[in-house]
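K.L.:
Pasting a predicted model and its sequence here:
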Amino acid sequence: MATVKEDLGPGPEGRREARQPAPSDTRPRAGWWRRAPGSVPGLARRHWIFGIALAVSLVPRVIVMLGYRPAVLFRMDSFDYLWNALHLSPNVINPSGYSFFLWILKPLHSLVLVAALQHLMGLVIATVVYVILRRYNLPAWGATLAAAPTLFDPAQILVEQLIMADLLATALMVTAFAVLLLRESPSLWRSVTAAVLMGASATVRPTTLPLVVLIPVYLLIRHAGWRRAAAALAAGALPVIAYAGWFDSAHGSFNLTNSNGLFLWSRTMSFADCSVIRPPADLRPLCPEAQPGRLSNPVPSARPLPKNYLWNRYAWEWQPPSHQFVPDTAAFTRAKNARALRFAMRAIAAQPLAYAQIVARETVQPLIHTNVLRFPVSNRTDSIILTPGNLQYAYSTVRAYNGITMSVNRIVHHRYGVQLVAPYTYLIGKYQRIIYLPAPLFSLIVLAGLVGILIPRRRTSAAVLLWVSAVVIMVLPTAEHEYTYRYVIPAVPLMCMAAALAFRAPRRAGTAGDLPVQAEPSAPADGRSDARSVDPESGADQK
């Protein structure tokens, strides 16, 4: 406590000590919990709009967990992830980063727990969207509105209930952006941490791999220096290189999968014309007309979807037939993947406009047509069923991981392996008819983000990073294989943040709604306030 002595006259009685609290005095005072910006009650009052939205979003998630037990299993992909969690090894089709997550939880033998943790990740993603936007001076209602699709869209909630890699990869990606953007000047360690998280997400879903390079580019744009950019690039590459080395030791190929060439080959089946491509003799069996049945249609517009070429058991990559217990390993070999990649690159080089046209046409689908990714509400049958060998693989995988097989009983006649429980499925059916992200609204979100980064006074480097990243993760899977709305969902929170930043207001000193992201400067000794607010984009003091 500071002491100030006043001279009131001669003699000892003429001197007294006046005790005054120093400006740095931080002792709790009566009612401190009502005013403290970092306290739980204080945060709850300042962010009550988002708090209510977050609490309400728990309701459909709880209903989903009650109605779709123990989780939703999506065809063979879910079983492959579970199998690789039981026998930890790099998968030849999809990277095994998600299988490693399942392996960590394996001793608990609960797919319900896996789904619950993924729902929690979904709520964390929405919270990160809100926090980042508040940090960039968005009002509470605006930041909550930007987080609403992640909180309430049934397609997002379905992905959280799926035993699939999408949600974990999105959570790692969004967390990486949070580490990078929540402070105005990315330090060396925060840059490295963000890059490592992004590299880890690429070992879960490779569509985020280009974002590992975008982080160093962003650092250079922000004038963070070559040292930080180079460190971020090295840190982001580290998980990817480590995984590729593991894959090489298991399959003899320094790669993330043995499927990228085969997926790209299936993409070219949408437009490939071998009279134009003129492939060598060893690649002619990969031409559309060489495929079995309806896959050989010479008219591109009448051809089936790329997935029909990729998974058709009579197509070239499945020959000769194999009866291995683990499906797909005979088709997705290093040699067949390289062969498919050679054909695909020739096809794209010979028909670049046709390739660009098909990718562009499918990429804009979520902007034109509202998605059809919905929860099943009845046990309707599909025409495609699992083969006896694949069904045995599915049963044994779920039995070994979860201890039960009821969740795959319906997979024989349905694309989802899940136990539907009434009346919860009825409630979700009604919910997803009313609450969803319509295509016109998503188009406006994308357009708002684009306009925001094109107008100089509205542009921020953070918005550019988020918008470009969203476009990359939307376009890449479509360019490599085909469009499905499940590939768009990770881009939604990024697009919403980029659009919201276009309406960002300039920060003013003493803004009450700002989150306590950094310590306030101490007041000078003369008691005068010298507080400044710092703009997270420019890093400049604003009086």
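P.N.:
Good, I have the coordinates. Numbering: from 1, shown residues only.

K.L.:
How about the spatially most central residue of the chain, nearest residue that isn't a chain neighbour?
P.N.:
Note on the chain: the residue nearest the mean C-alpha position is Thr170, at 1.8 Å, using Cα atoms, centre = their mean. Distances taken as Cβ to Cβ, 6 or more residues apart in numbering place Pro490 nearest to Thr170, at 4.2 Å, with adjacent residues excluded. All C-beta atoms are positioned from the backbone trio N, CA, C, and that covers glycine.

K.L.:
pLDDT below threshold where in the stretch 301-450 of the chain?
P.N.:
379-385, 406-407, 409-415 (pLDDT under 70).

K.L.:
Could I get the full set of helices for it?
P.N.:
With helices called from DSSP state H, counting those that start in this stretch, the stretch 301-450 of the chain shows them at 306-311, 334-350, 352-363, 365-368, 388-402, 424-434, 439-454.

K.L.:
Output the ones you listed in JSON lines; the columns should cover distance to Met497 and mean neighbour count.
P.N.:
Output for the helices of the stretch 301-450 of the chain, formatted as JSON lines (distance: least, Cβ to Cβ, whole Å; neighbours: other Cβ atoms under 10 Å):
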{"stretch": "helix 306-311", "distance to Met497": "31", "mean neighbour count": "19"}
{"stretch": "helix 334-350", "distance to Met497": "33", "mean neighbour count": "19"}
{"stretch": "helix 352-363", "distance to Met497": "20", "mean neighbour count": "15"}
{"stretch": "helix 365-368", "distance to Met497": "17", "mean neighbour count": "16"}
{"stretch": "helix 388-402", "distance to Met497": "35", "mean neighbour count": "18"}
{"stretch": "helix 424-434", "distance to Met497": "24", "mean neighbour count": "16"}
{"stretch": "helix 439-454", "distance to Met497": "8", "mean neighbour count": "17"}
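
K.L.:
What are the buried residues along stretch 184-202?
P.N.:
184, 186, 190-202 (16 or more other Cβ atoms under 10 Å).

K.L.:
where do the helices sit along the stretch 1-150 of the chain?
P.N.:
Using DSSP H, counting those that start in this stretch, helices in the stretch 1-150 of the chain cover 32-35, 40-46, 48-67, 75-86, 97-105, 111-135, 140-152.

K.L.:
so which of the ones you listed comes closest to Arg346?
P.N.:
helix 75-86 (28.9 Å; Cβ to Cβ).

K.L.:
circling back to that earlier point, which secondary structure elements does the helix or strand containing the residue nearest to the centre of the chain contact?
P.N.:
Element membership for Thr170, per DSSP states H and E: helix 166-181. Counting contacts by 3 or more Cβ pairs under 8 Å, 6 or more residues apart in numbering; DSSP states H and E, helix 166-181 packs against helix 97-105, helix 111-135, helix 154-161, helix 188-202, helix 209-221, helix 461-480, helix 491-501.

K.L.:
rewinding a little: how near is the residue nearest to the centre of the chain to Ala491?
P.N.:
Thr170 sits 9 Å away from Ala491, going by Cβ to Cβ, to the nearest Å.

K.L.:
repeat for Val475
P.N.:
Computed with Cβ to Cβ, the distance linking Val475 and Ala491 is 9 Å.

K.L.:
more neighbours, those two?
P.N.:
Taking other Cβ atoms under 10 Å, Val475 and Ala491 do not tie; Ala491 has more neighbours (25 against 19).

K.L.:
ranking the helices and strands packed on helix 166-181 by burial, who's on top?
P.N.:
helix 491-501 (a mean of 27; mean count of other Cβ atoms under 10 Å).

K.L.:
what packs against that helix?
P.N.:
Where contact means 3+ Cβ pairs under 8 Å, 6+ apart, helix 491-501 is packed against helix 111-135, helix 140-152, helix 166-181, helix 439-454, helix 461-480.

K.L.:
Excluding covalently adjacent residues, which one is nearest to Pro210?
P.N.:
Per Cβ to Cβ, 6+ apart, closest to Pro210 is Val472, 5.1 Å.

K.L.:
still on that earlier bit, looking at the buried residues of stretch 184-202, which is nearest Tyr68?
P.N.:
Ser201 (25.6 Å).

K.L.:
Look at the nearest residue to that closest one once chain neighbours are set aside and report its pLDDT.
P.N.:
Counting by Cβ to Cβ, 6+ apart, Ser201 lies nearest to Leu172, which is 3.7 Å off, once chain neighbours are set aside. With respect to pLDDT, Leu172 scores 98.
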